[in-house]
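Chemist: Sequence first, then the predicted structure, then my questions.
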Amino acid sequence: MQTVFNFTKSALEALPFTDTQYEVRDIKTPSLILRVNPGGIKTFMFYRRVQYRNLRIKIGRLKEISIEAARQKAIFLNSQIIAGVNPNQVHKEKRQELTFRELYYKYYREHALINTKTPHDSKATIEFHLMPKIGNWKLSDITRQKMKELHLNQGEARGRIQANKVLNIASAVFNFGIREQYYKGQNPCKDIRRFKTISRDRFLNGEELRLFFEALKEEEQIYQDFFMLCLFIGARKTTMLRMKYVDIDFDLKRWRLSETETKNGDVNIHALPDAAVDILRRRSEQNKLSVSPSLYVFPGDGKEGHLVDPKKSFARIKKRMGVYDFRIHDLRRTLGSYMAIGNTSLQIIGKALNHKSQVSTEIYARLCYDPVLEAVNDATNLIMEKASKQLNSVNATPYLVQVSTAFNLAKF
């Protein structure tokens, strides 16, 4: 039987099966062979002598891959060898390479739990948004184009803020893998442009506040108190849920949080207005009389020991209000907004809300409107006064006389 010939589909399919395994070689690509197995399987193989040893690498079965594709693969493997790369070693490393899921859980255990403020929230985000899509992918198979596509799709389906958050966490995971030498490639999230987002400035107006207080009355006391304190203190939801009695100073009317308990990594001190102190004193007294007093202001039955997420209660409140474009975080914005409307300085607002950067507080500048209105009125009055002085001028026009007369009438 001829063992070296030009591979064609008809010629390879016509090769007989025998009691023993045999191989034939392609005349066009000498390193490409076809192995014919007695069991009825024909397999393309790459064959070459490397450093006095026979190197065989499986390319694919005849039924699964075309002759041309097998030739291209053989040429590629040959070029790797010429370049000093061992294809078997590359294949072995590929098999041993971590999947995104495996890398993420290393990141979670070795970094997120130790160095981030909300590791459980980030874990839930990744498990919901990324794991179903790329969790089982080898890291080197996750390209920049793939991450860009995922980011764009999530921006359309889940919103731009959420899409940016997912991409940022994924980028942190890859950076961790590279830094800790779990991954030798590049970060596929690098230089992907994030969506431009607009700072949310939603707060409850006077009528919505009335509806909010009315809707609260039908909730259990623990939820009434929680949402009232969110509004009166302006703390973030997660921080408020973990509020402990030991951190509250009723005499100084302040609530102190250590740097390990805050989002911005600094010690935070929240001022407690009288309305908040009244609620906290009542809850403290009730807690002392409890059979099993809790460390937390808002105790819960779960493993955390405190209330975890009052989203069902908040959904009921919004339904009663008939207002749906409203988030729990907007209660924090409502406090800051009414401070701004009352002409409180941005510095004081930032301190009350424990903003680490003044940039976060600047959104409230647009609400400091009274000084602007007063300045515009002063300028308008000055313009009209200047105009009225021209009435005695021989050059005064009929229109100027009419405007000046209106100004003088408006003063009475």
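Modeler: That came in fine, so what should we check first?
Chemist: so which strand or helix has Arg256?
Modeler: strand 254-257 (DSSP states H and E).
Chemist: List the buried residues for that strand?
Modeler: For strand 254-257, a neighbour-count test (16 or more other C-beta atoms under 10 Å) marks Trp255, Leu257 as buried. From N, CA and C alone the C-beta is placed, and that goes for glycine too.
Chemist: And for stretch 167-174?
Modeler: Buried, per 16+ other C-beta under 10 Å, within stretch 167-174: Leu167, Ile169, Ala170, Ser171, Ala172, Val173, Phe174.
Chemist: What is the nearest of these to Lys133?
Modeler: Using C-beta to C-beta, Ala170 is the member of those that lies nearest Lys133, at 10.7 Å.
Chemist: Surely that closest one is in a strand?
Modeler: No. Read with DSSP: H, G, I helix; E, B strand; the rest coil, Ala170 is helix and lies in no strand.
Chemist: does the most centrally placed residue in the chain sit in a helix, a strand or a coil?
Modeler: Centroid-nearest residue in the chain: Lys165, 1.5 Å away (criterion: C-alpha atoms, centre = their mean). Of the three states, Lys165 takes helix under three-state DSSP.
Chemist: Now do the closest residue to Gly305 other than its chain neighbours against Lys117, distance only.
Modeler: Excluding its sequence neighbours, the residue lying closest to Gly305 (C-beta to C-beta, 6 or more residues apart in numbering) is Tyr296, at 6.0 Å. Distance, Tyr296 to Lys117, by C-beta to C-beta, to the nearest Å: 18 Å.
Chemist: Which elements pack onto the helix or strand following the strand holding Arg256?
Modeler: Using DSSP H and E, the helix or strand that follows strand 254-257 towards the C-terminus is strand 268-271. Under the contact definition 3 or more C-beta pairs under 8 Å, 6 or more residues apart in numbering; DSSP states H and E, strand 268-271 sits against strand 254-257.
Chemist: same question for stretch 381-388, mean pLDDT?
Modeler: Stretch 381-388 shows an average pLDDT of 75 in the prediction.
Chemist: Buried residues, that stretch. List them.
Modeler: Met384, Ser388.
Chemist: how close does Ile81 sit to Phe46?
Modeler: Applying C-beta to C-beta, the value for Ile81 to Phe46 is 9 Å.
Chemist: Repeat that for Ser292.
Modeler: Taken as C-beta to C-beta, the span from Ser292 to Phe46 is 70 Å.
Chemist: Between these two, which is the more surrounded one?
Modeler: Applying other C-beta atoms under 10 Å to Ser292 and Phe46 shows that Phe46 carries more neighbours, namely 22 against 6.
Chemist: pretty sure that one is in a helix, no?
Modeler: No. Counting by three-state DSSP, Phe46 falls outside a helix, being strand.
Chemist: measure it to Ile65 for me?
Modeler: According to C-beta to C-beta, Phe46 stands 12 Å off from Ile65.
Chemist: Name the residues contacting each of these two.
Modeler: Ile59, Lys73 (C-beta atoms under 8 Å, 6 or more residues apart in numbering).
Chemist: who does the strand holding Arg256 pair up with?
Modeler: Sheet partners assigned to strand 254-257 using DSSP bridges are listed as strand 248-249 (antiparallel), strand 268-271 (antiparallel).
Chemist: From the rest of the structure, what touches it?
Modeler: Residues from elsewhere that reach strand 254-257, judged by C-beta under 8 Å, 6+ apart: 233, 235, 239, 243, 247-249, 267-272.
Chemist: what do you get for stretch 346-360?
Modeler: 234-235, 262, 264-266, 268-271, 332, 335-336, 339-340, 361-362, 364-365, 368.
Chemist: could you redo the last one with a cut-off of 6 Å?
Modeler: Residues outside stretch 346-360 that contact it (C-beta atoms under 6 Å, 6 or more residues apart in numbering) are Gly234, Asn264, Asn268, Gly336, Met339, Thr361, Tyr364.
Chemist: which ones are touching Gly234?
Modeler: Residues near Gly234 by C-beta under 6 Å, 6+ apart: Arg332, Leu335, Leu353.
Chemist: Ile383 is in what secondary structure piece?
Modeler: Ile383 belongs to helix 370-388, assigned by DSSP H and E.
Chemist: Could you name the helices and strands sitting against that helix?
Modeler: Packing partners of helix 370-388 (3 or more C-beta pairs under 6 Å, 6 or more residues apart in numbering; DSSP states H and E): helix 398-410.
Chemist: follow-up on the earlier one: skipping adjacent residues, who's closest to the residue nearest to the centre of the chain in space?
Modeler: Thr125 (6.5 Å).
Chemist: Report the separation between that neighbour and Ile169.
Modeler: 6 Å.
Chemist: what does Asp26 give?
Modeler: 48 Å.
Chemist: Could you list the low-pLDDT ranges of the stretch 251-400 of the chain?
Modeler: 263-265, 359-360, 365-370, 387, 389-400 (pLDDT under 70).
Chemist: What helix or strand is Met240 located in?
Modeler: Applying DSSP H and E as the criterion places Met240 in helix 237-241.
Chemist: what helices or strands is that helix leaning on?
Modeler: If you count contacts as 3+ C-beta pairs under 6 Å, 6+ apart, helix 237-241 packs onto no helix or strand.
Chemist: Show residues contacting that helix.
Modeler: Contact with helix 237-241 is made by Cys230, His306, Leu307, Ile328, as judged by C-beta under 6 Å, 6+ apart.
Chemist: roughly how far is stretch 274-287 from the heart of the chain?
Modeler: Distance of stretch 274-287 from its chain centroid, counting by C-alpha atoms, centre = their mean, to the nearest Å, is 35 Å.
Chemist: What residues of that stretch count as buried?
Modeler: The neighbour-count check on stretch 274-287 (16+ other C-beta under 10 Å) flags Ala276, Ile279, Leu280, Arg283, Asn287 as buried.
Chemist: Which two of the contacts of helix 237-241 have the greatest separation?
Modeler: Longest distance between any two of these is 15.6 Å, between His306 and Ile328; criterion C-beta to C-beta.
Chemist: Good, wrapping up.
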